[in-house]
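Q: sharing a model prediction with you, sequence too.
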Number of protein chains: 2
Amino acid sequence: MGIRDKVAIVGMGCTRFGERWEAGYEDLIVEAFQEALEDAGMEKEDIEMAWLGTCFDEVSTGKSALPLSVSLKLPFIPVTRVENFCATGSEALRAACYAVASGACEVALALGVEKLKDIGYGGLPEFGSAMGSRNRILFPNVTAPGAFAMMAVRYFETYGLSPERGREVLARISVKSHRNGARNPKAHLRREIRVEDVLKAPIIAWPLGLYDCCGVSDGAAAAIVVRAERAREYREDPVYVKAMQVATSSGEELLHRWDGCHVETTVRAARRAYQEAGVEDPRRELDLLEVHDCFSITELVTYEDLGISPRGKAAEDVEAGFFELEGEIPCQPDGGLKCFGHPIGASGLRMVYEVYKQLQGKAGPRQLRDPRLGLTHNLGGFPAMSVVSVSLFGLDRG
Amino acid sequence: MGIRDKVAIVGMGCTRFGERWEAGYEDLIVEAFQEALEDAGMEKEDIEMAWLGTCFDEVSTGKSALPLSVSLKLPFIPVTRVENFCATGSEALRAACYAVASGACEVALALGVEKLKDIGYGGLPEFGSAMGSRNRILFPNVTAPGAFAMMAVRYFETYGLSPERGREVLARISVKSHRNGARNPKAHLRREIRVEDVLKAPIIAWPLGLYDCCGVSDGAAAAIVVRAERAREYREDPVYVKAMQVATSSGEELLHRWDGCHVETTVRAARRAYQEAGVEDPRRELDLLEVHDCFSITELVTYEDLGISPRGKAAEDVEAGFFELEGEIPCQPDGGLKCFGHPIGASGLRMVYEVYKQLQGKAGPRQLRDPRLGLTHNLGGFPAMSVVSVSLFGLDRG
């Protein structure tokens, strides 16, 4: 079961991420949409249905899909909001893909947006209420850095990394992403850093320091989806959806069988995505990755959860440069959450944007050599209470 | 374009709505789900994907789809939250239908839930922030009763109804729903009322009094969807989706061409739904309606917006008993929002529950004679800034 090769992306847009004090959410929506529309060579009237991905509506857009329909003055088409913590952007795309694959419409828009700089994470009522004790689901009174830091401590312990080596491995991940992000005009943080900068930075939650954490920013990204068999009517190089899978925690990991240093939802979603796309050996077959590096440790663990690095061996791959821009499977060629920050609703679509541009050979100074198959990994929640979306995108149809 | 006859509902559940002080949202989720599962003759493991409809996460379930996956201990399947103001429940069902119709899965769950009694509308931060000035979309500082009351005043004026006759027509709508709701063990308000009770009740926002407004309650409802061609493997009397359409405002109505006494999104969604289902004359072809009677005036205007009563003539239909349980097209046979209250995420699915039971001939003392085609109408937002879902359900496959 799946939607392999049933739909394709024919247009994408992505704003510059960062401190967008000058722009309201409406401006970000328009900016991402206009680029996507022009990229697809379409008119606004071609859009038949739309999905808005936004998470912190309380401080960002407000509820419902009206912020999208009103900002774009969409003419009475169906517009719906989806939200799934930090995987919200990917979920908007999945909804649009299902709509097109089902025959409900021919052309669908997925747009994710979030404005966080005006208030920032610290000011979010969510972190004291809904994400904490109110919904009785995540650990109350544990911050996101705290939750992922515990995974790092456990990872170091389980696989025998000394704190020194462990922290240096994590630092290399951030250094790599900053090197890529520095080449990206749409990134928020566009400067290279050195391992020693990371190690000397203030500790946020041991062993994670400032540079192990992604930033807080504003941004939006958008995708236009059509049926695969009509994709070449719109452009020569459509990007086909090869797999789109999600796994959601039931909470059982917290109570049983969890080693504390992997994310089971990533494992499940990836396994199903490879099956859907016919990928047998991801380490050999994948050409690039955009993963959910909310923290450096998340990226490290994800290498293993995706079946690319063997268990406990991701550190060796990092040290060998496996995930560098010139490595075997470049990861975060655009700079990742590390350099873009994480405007929640936008991040999943921002990842797809980079894969899309890379597959089309339009990634500028970050362009990889002839990539054919890219993966996005978007994680919401905490390690053992999470929703993960894993998608595969390819340049060739089936 | 559409999903007519592609999917069918084979199981539904609905909790008793009301002051459910004894139940958390988890309990309501489990209660609605268990009934749906037993109704479908399925095991939990048969569910392949799920959607959670919930609107006021701040005071209800918290964010994301984890409240559903954790409450039901769903084994790592994809679970996603949708939200679209008061149309949230219908939107969860639409997502599940698209997933099945797309081939992404065989069996999908849509579940809507909201717990409002613990805090009530008045305590919702939304009404001072996101639904008001924060998202700059709805009128700031206008309450829901206020917005719909203005439509009533305008309607009376436009169509020459004296305030006395107008208020009595609206009262008859509430009296009719209470009569139906009194026969429904799942309704919140289970008592009959008289026209004079409505007219004597305290005014909430002129010309709407207490009995012109739906109540505040807790509740949950759920549907299990499968591909139409496999529906009879699960039960003899599956209910087929004949049409499912949504229309969303762009805000333009507020500025131009709005007469102030109709809801354009209902008109658009209904027109498309009739086209999808092949309905030419809704007044002749429809057998029952479940509409979004958040206020009595909303139901009155909806009769016309759905193309059942001619413009300005709905009052005559009300006076003739057209929408009574024994009338031509019974409306709100279950008692409607009027008697169920409006736990936001649940309402759209609660409407579908009644249509489903009526089509199957299992509506108990409210059972209509041999209905074949039912309509649900779920409205979110305010009259000129709204999202409306109109769906048609039938007993026979096309």
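A: The structure has been received and is ready for your questions.

Q: tell me the contacts of A:Val366?
A: Quick fix: residue A:366 reads Arg, not Val. A:Asn180, A:Arg183, A:Asn184, A:Leu325, A:Pro333, A:Asp334, A:Gln358 (C-beta atoms under 8 Å, 6 or more residues apart in numbering or on different chains). The way it works is simple: take the backbone N, C-alpha and C, and place the C-beta from them, glycine included.

Q: where does it land on pLDDT?
A: At A:Arg366, the pLDDT value in this model is 97.

Q: with the one 10 residues further on instead?
A: Here the pLDDT value assigned to A:Thr376 is 98.

Q: the stretch 51-200 of chain A: strands as residue ranges?
A: Taking DSSP state E, counting those that start in this stretch, the strands of the stretch 51-200 of chain A run over residues A:79-83, A:107-115.

Q: on that earlier part again, redo the contacts of A:Arg366 as TSV? Include distance to B:Pro202.
A: Below are the contacts of A:Arg366 laid out as TSV (distance: C-beta to C-beta, whole Å):
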residue	distance to B:Pro202
A:Asn180	64
A:Arg183	66
A:Asn184	61
A:Leu325	69
A:Pro333	64
A:Asp334	59
A:Gln358	64
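
Q: if I pick A:Ala320, what's in contact with it?
A: A:Gly327.

Q: distance of it relative to chain B?
A: According to C-beta to the nearest C-beta, to the nearest Å, A:Ala320 stands 32 Å off from chain B.

Q: also A:Met49?
A: A:Met49 is 8 Å from chain B, where distance means C-beta to the nearest C-beta.

Q: I'd say that residue and A:Leu109 touch.
A: Yes - in this structure, A:Met49 is within contact of A:Leu109 by C-beta atoms under 8 Å, at 7.3 Å.

Q: who has more neighbours, the two?
A: A:Leu109 (30 against 25; other C-beta atoms under 10 Å in any protein chain shown).

Q: wait, the more buried one sits on A:Ala222?
A: Yes - between A:Leu109 and A:Ala222 a contact is recorded at 6.5 Å, counting by C-beta under 8 Å.

Q: tell me, what's touching the two both at once?
A: A:Phe33, A:Ala36.

Q: any stretches of chain A with poor pLDDT?
A: Along chain A, the parts satisfying pLDDT under 70 run over A:120-140.

Q: domains for it, by residue range?
A: A:7-121+A:218-233, A:136-211+A:240-394 (automatic domain parsing).

Q: contact residues of the stretch 151-300 of chain A facing chain B?
A: Near chain B, the residues belonging to the stretch 151-300 of chain A are A:Met244, A:Gln245, A:Val246, A:Ala247, A:Thr248, A:Ser249, A:Ser250, A:Gly251, A:Glu252, A:Glu264, A:Thr265, A:Arg268 when assessed by C-beta under 8 Å from any C-beta of the partner chain.

Q: can you do 7 Å?
A: A:Val246, A:Ala247, A:Thr248, A:Ser249, A:Ser250, A:Gly251, A:Glu252, A:Thr265, A:Arg268 (C-beta under 7 Å from any C-beta of the partner chain).

Q: list the ones among those that fall in strands.
A: The strands, defined by DSSP state E, take in A:Val246, A:Ala247, A:Thr248 from these.

Q: got a list of what the closest residue to the first one other than its chain neighbours touches?
A: Spelled out, it's A:Val246. Distance criterion C-beta to C-beta, 6 or more residues apart in numbering or on different chains; nearest residue to A:Val246, sequence neighbours excluded, is B:Pro78 at 3.4 Å. With contact taken as C-beta atoms under 7 Å, 6 or more residues apart in numbering or on different chains, B:Pro78 is in contact with A:Val246, A:Ala247, A:Thr248, B:Met49.

Q: which strand residues bridge the closest residue to chain B within the stretch 201-350 of chain A?
A: Using C-beta to the nearest C-beta, the single residue of the stretch 201-350 of chain A nearest to chain B is A:Val246, 3.4 Å away. Counting by DSSP bridges, A:Val246 is bridged to A:Ser389.

Q: that one contacts A:Ser389, doesn't it?
A: Yes - counting by C-beta atoms under 7 Å, A:Ser389 is a contact partner of A:Val246 at 4.9 Å.

Q: for the closest residue to A:Pro202 other than its chain neighbours, give its distance to B:Lys200.
A: Spatial nearest neighbour of A:Pro202, chain neighbours left out: A:Leu210 (5.3 Å); criterion: C-beta to C-beta, 6+ apart. Per C-beta to C-beta, to the nearest Å, A:Leu210 is found 66 Å from B:Lys200.

Q: out of the strands of the stretch 51-200 of chain A, nearest to A:Pro310?
A: With C-beta to C-beta as the criterion, A:Pro310 lies closest to strand A:107-115 of the strands of the stretch 51-200 of chain A, at 33.4 Å.

Q: what about the helices in the stretch 151-300 of chain A?
A: Secondary structure of the stretch 151-300 of chain A (DSSP state H, counting those that start in this stretch): helices located at A:163-181, A:195-200, A:252-255, A:264-277, A:282-285, A:296-305.

Q: deepest-packed of the ones you listed, please.
A: helix A:296-305 (a mean of 26; mean count of other C-beta atoms under 10 Å in any protein chain shown).

Q: what residues does that one touch?
A: Contacts of helix A:296-305 (C-beta under 7 Å, 6+ apart): A:148, A:151-152, A:155, A:169-170, A:173-174, A:208, A:212, A:261-263, A:266-267, A:270, A:291-293, A:309, A:311, A:314, A:317-318, A:331, A:377, A:379.

Q: report the backbone C-alpha coordinates of the helix or strand that it is followed by in PDB.
A: Following helix A:296-305 in sequence order, the next helix or strand is helix A:314-319 (DSSP states H and E). C-alpha atoms of helix A:314-319 as PDB (Å, rounded to 0.1, in the frame of the first residue of the first chain):
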ATOM      1  CA  ALA A 314      27.300   6.500  13.300                       C
ATOM      2  CA  ALA A 315      30.200   8.200  15.100                       C
ATOM      3  CA  GLU A 316      32.600   6.500  12.800                       C
ATOM      4  CA  ASP A 317      30.700   7.600   9.700                       C
ATOM      5  CA  VAL A 318      30.800  11.100  11.000                       C
ATOM      6  CA  GLU A 319      34.500  11.000  11.600                       C
END
